[in-house]
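Chemist: pasting the sequence and the predicted model now:
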Amino acid sequence: MENRNPDPRSIRVKVKNSDNSALLMKYSLTLVGRVTNPKYQKVWSIVPFFTNRWKTSVRPIGADLGQGLFQFQFDNEDDVQLILKNRPYHYAKWMLIIQRWEPMVSRSFPSLIPFWIQIQRFPVHLWTHETIQSLGDSLGFCEEVEITSISARVRVHINGIKPLVTTSIVEYLDGEEVLASLVYEKLERYCSKCMMLTHEDKECTEFPSLSSNDTRTRKNTYWSQRMRDWT
């Protein structure tokens, strides 16, 4: 008979569907988080730090979930909304990923960080709501667009475990292309080589220490592949 479980250290268990409505209700006021750089961010210190820092009506209960994950249980919806509104957060100068709990099973959850992103080096006569909204939509879930006489920016929930996008080429139907620079507000440390939030430049495995020409060539190849992945 074929061995369907080649790893002798694990087992497979079948269970019947059961009523988990009480658990869904219990965790509806929970926020789940993830560190981006476990080398510098220790969950055992993150949990008490934010439990004491957040000015909520009732002190949340924090817990270490293991493997760089943590959660905070709140007492009411107003406190949950207060914490979500003030994102993004960072600890030890590295970003944290904090999302509202959802009833899903995925190793990539949580992954979203909401950033205000400034649209720079983009001609002011092109600052229409539709264009800026399209820029935001191309980055992730665009929650809000803000355009004034001196600035244009979007609040976007981006995937924090993928590289940051720092430039965007806006294409028009007449074939014209315009380059926009994207500046992330409240962004702390990240790798300026591959734009990941998970490590420093000196620890980058995508672009190890090479000559300037070799680094430039590898970067061009890397970002060309990334652009294909995103489209």
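Modeler: Perfect, I can see it now. Just so we're clear, the structure is a prediction, and the values are computed from it rather than from any experiment.

Chemist: how near is the spatially most central residue of the chain to L187?
Modeler: By Cα atoms, centre = their mean, the mean C-alpha position of the chain lies nearest to G160, the distance being 2.4 Å. Computed as Cβ to Cβ, to the nearest Å, the G160 to L187 distance reads 11 Å. Any C-beta I mention is one placed from the backbone N, CA and C, and that applies to glycine too.

Chemist: what is in contact with those two at once?
Modeler: Common neighbours of G160 and L187, using Cβ atoms under 8 Å, 6 or more residues apart in numbering, are M95.

Chemist: list the contacts of T30.
Modeler: Contacts of T30 by Cβ under 8 Å, 6+ apart are Q71, F72, Q73, F74, R100, W101.

Chemist: any idea how this structure splits into domains?
Modeler: For the chain, automatic domain parsing gives the domain ranges 21-100, 112-230.

Chemist: gap between the two ends of the first one?
Modeler: Read that as domain 21-100. Terminal residues of domain 21-100 are spaced 18 Å apart (Cα to Cα, to the nearest Å).

Chemist: go on, stretch 170-179?
Modeler: Start and end residues of stretch 170-179 are separated by 6 Å (Cα to Cα).

Chemist: check stretch 191-206 too.
Modeler: Counting by Cα to Cα, you get 10 Å between the two ends of stretch 191-206.

Chemist: what mean pLDDT does it have?
Modeler: For stretch 191-206, the mean per-residue pLDDT is 94.

Chemist: next: stretch 108-125.
Modeler: Stretch 108-125 shows a mean pLDDT of 96.

Chemist: just stretch 11-21 next, same as before
Modeler: The average pLDDT within stretch 11-21 is 84.

Chemist: buried stuff in that stretch?
Modeler: For stretch 11-21, a neighbour-count test (16 or more other Cβ atoms under 10 Å) marks nothing as buried.

Chemist: tell me the gap between that stretch and the middle of its chain.
Modeler: Centre-to-centre, stretch 11-21 and its host chain are 31 Å apart (Cα atoms, centre = their mean, to the nearest Å).

Chemist: equivalent analysis for stretch 142-149, please.
Modeler: 20 Å.

Chemist: what does that stretch contact?
Modeler: Stretch 142-149 has contacts (Cβ under 8 Å, 6+ apart) with P114, W127, H129, I132, Q133, G136, A152, R153, V154, R155, V156, H157.

Chemist: perfect, I'm done here.
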